[in-house]
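Asks: starting from these lines, generate the structure:
(one chain, ligands or ions: 1)
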Amino acid sequence: PLKTLVKMLAVASVFATSFNVFAAPVEIKFSHVVAENTPKGQMALKFKELVEQRLPGEYTVNVFPNSQLFGDNNELAALLLNDVQFVAPSLSKFERYTKRLQVFDLPFLFNDMDAVNRFQQGEAGQTLLNSMTRKGIVGLGYLHNGMKQFSANTPLKNPSDAKGLKFRVMASDVLAAQFAAIDAIPVKKPFSEVFTLLQTRAIDGQENTWSNTYSQKFYEVQSQITESNHGVLDYMVVTSDTFWKGLPADKRKIIKEALDESIALGNKIAGEKDDQDKQLILDSKRSQLVTLSQADRQKWIDVMKPVWTKFEDEIGKDVIEAAVAANK
Ligand code: LMR
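Replies: Got it, this is the predicted structure:
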């Protein structure tokens, strides 16, 4: 009987291995730097839900928010090492891998988020998803956050109000040039450090969306927010070529569909949060809103727009023209 039992167990174990019956699900890690109550945070959680629902027992998605696992300085390197399988950095953070995406950082390029969306979904935008494939990074889709506003502890009405002030920027030479154009001092810092830098007054200001300014509590340590809508902060959801191509085709298809649906939800939330989070900040009375008249805004445009020509060769004139055309 013992012999029979051993035989049965052996058969069962061969069966289990060949049909993956007892195999643990494959872990997919999704790392990001923002809070969960943001468009990106919600998108990542939706992705987890859909993948685990559609590939039960086969794949599990673990989401790491708030730079818990990887932050701005190492998330793309970690992706290429397969230490994480999905990240969605802002479009400003790919500079080391391609210069073409810098188009998104050009100040006063897009009139609004509809224009951003048209550009992303058009031919030029879709081509940009493949701009890093030679580096091993696959762009799977764009995700919205919103338009950026300036914040500081002094009202920024005229460009000259920013003179000499230190502003945190994402790791982008275009954003650095944008602040240099108004005689301010750009300081490149990872997102996880911004609140403390502002709180300790190591820096004077920053630029971000309503959603990030709210969820990171920047408005508690910045007394003035200028509604400038001067640029866009959006994301590209990326994976590595190695991971992506290593997936069985049928699973890849299901995972991509889950991602597309999560992005659609994230985009919807981005649109809603833009108004909601702005209102929450204003209701808190911690920060005052500085609005710009047409004439005020034109002054900012006049000093910042020369940045475009500076980066025209690196980005590509064709790409900039396609973006301008998306304004209609
Ligand atoms: C920032 O660094 O300010 C943003 O890119 C953070 C984010 O991911 O929204």
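
Asks: only C-alpha atoms from now on, for both contacts and neighbour counts.
Replies: Noted.

Asks: which ones are touching I263?
Replies: 43, 141-143 (C-alpha atoms under 8 Å, 6 or more residues apart in numbering).

Asks: which parts of this structure sit against the ligand?
Replies: Applying C-alpha under 6 Å from any ligand atom, we find that the chain lies next to the ligand at 33-34, 89-90, 170, 191, 208.

Asks: and the gap between the closest residue to the ligand within the stretch 1-150 of the chain and V307?
Replies: The minimum distance from the stretch 1-150 of the chain to the ligand, using C-alpha to the nearest ligand atom, falls at S90 (4.6 Å). According to C-alpha to C-alpha, to the nearest Å, S90 stands 20 Å off from V307.

Asks: quick check: closest non-adjacent residue to the residue of the stretch 1-150 of the chain closest to the ligand.
Replies: Sequence neighbours aside, Y235 is the residue nearest to S90 in space, at 4.1 Å (criterion: C-alpha to C-alpha, 6 or more residues apart in numbering).

Asks: bridge partners for the one you found, pull those for me.
Replies: Listed beta-bridge partners, Y235: S90, L143 (assigned using DSSP bridges).

Asks: surely it and A88 touch.
Replies: Yes. Y235 lies in contact with A88 (C-alpha atoms under 8 Å); the separation is 5.7 Å.

Asks: who's more crowded, the two?
Replies: Taking neighbours as other C-alpha atoms under 10 Å, Y235 and A88 compare with A88 leading, 25 against 20.

Asks: F167 reaches N208, doesn't it?
Replies: No. Judged on C-alpha under 8 Å, F167 makes no contact with N208 at a distance of 11.1 Å.

Asks: in the stretch 151-300 of the chain, which residue sits closest to the ligand?
Replies: Taking C-alpha to the nearest ligand atom, the stretch 151-300 of the chain has F191 as its residue nearest the ligand, at 4.1 Å.

Asks: thought that residue was touching F70?
Replies: No. Checked against C-alpha under 8 Å, the pair F191 and F70 is beyond contact range at 11.5 Å.

Asks: return the set of buried residues in stretch 68-77.
Replies: For stretch 68-77, burial by neighbour count (16 or more other C-alpha atoms under 10 Å) applies to 69-72, 75-76.

Asks: would you mind writing the CA trace of that stretch as CSV?
Replies: Taking Å, rounded to 0.1, in the frame of the first residue of the first chain, the C-alpha atoms of stretch 68-77 are listed here in CSV:
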residue,chain,number,x,y,z
GLN,A,68,7.6,52.9,-1.1
LEU,A,69,9.4,50.5,-3.4
PHE,A,70,11.1,52.7,-6.0
GLY,A,71,11.1,56.5,-6.4
ASP,A,72,11.9,58.9,-9.1
ASN,A,73,15.6,58.2,-9.0
ASN,A,74,15.5,54.5,-9.6
GLU,A,75,12.1,53.3,-10.9
LEU,A,76,13.1,53.2,-14.5
ALA,A,77,16.4,51.4,-13.8
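
Asks: so how far is that stretch from its chain's centroid?
Replies: Here stretch 68-77 is found 13 Å from its chain centre; the criterion is C-alpha atoms, centre = their mean, to the nearest Å.

Asks: any idea of the mean pLDDT in that stretch?
Replies: Stretch 68-77 comes out with an average pLDDT of 98.

Asks: quick one: contacts of that stretch?
Replies: The contact list for stretch 68-77 (C-alpha under 8 Å, 6+ apart) reads 31-33, 78, 84, 87, 89, 93, 190-192.

Asks: tell me the phi and psi of the nearest residue to K278 once chain neighbours are set aside?
Replies: Sequence neighbours aside, W210 is the residue nearest to K278 in space, at 5.4 Å (criterion: C-alpha to C-alpha, 6+ apart). Main-chain dihedrals, W210, degrees, to the nearest 10: phi -60, psi -40.

Asks: next: the one 5 residues further on.
Replies: Backbone torsions for S215, taken as degrees, to the nearest 10, come to phi -70, psi -20.

Asks: spit out the contact partners of it.
Replies: By C-alpha under 8 Å, 6+ apart, the neighbours of S215 are 35, 37-38.

Asks: just the buried members of those residues?
Replies: Buried members of the contacts of S215, scored by 16+ other C-alpha under 10 Å, are 35, 38.

Asks: enumerate every residue touching the residue of the stretch 1-150 of the chain closest to the ligand.
Replies: Residues in contact with S90 (C-alpha under 8 Å, 6+ apart) are 233-236.

Asks: what's the burial count for L175?
Replies: Look at L175: counted by other C-alpha under 10 Å, it has 24 neighbours.

Asks: for it, give me its contacts.
Replies: Contact partners of L175, counting by C-alpha under 8 Å, 6+ apart, are 105-106, 169, 186.

Asks: which members of these are the farthest-apart pair?
Replies: Among those, the pair separated by the greatest distance (C-alpha to C-alpha) is L106 and P186, at 15.1 Å.

Asks: give me the buried positions along whichever helix or strand G271 is part of.
Replies: G271 is part of helix 249-284 when elements are defined by DSSP states H and E. By neighbour count on 16+ other C-alpha under 10 Å, the buried set for helix 249-284 is 255-256, 258-270, 273-274, 277-278, 281.
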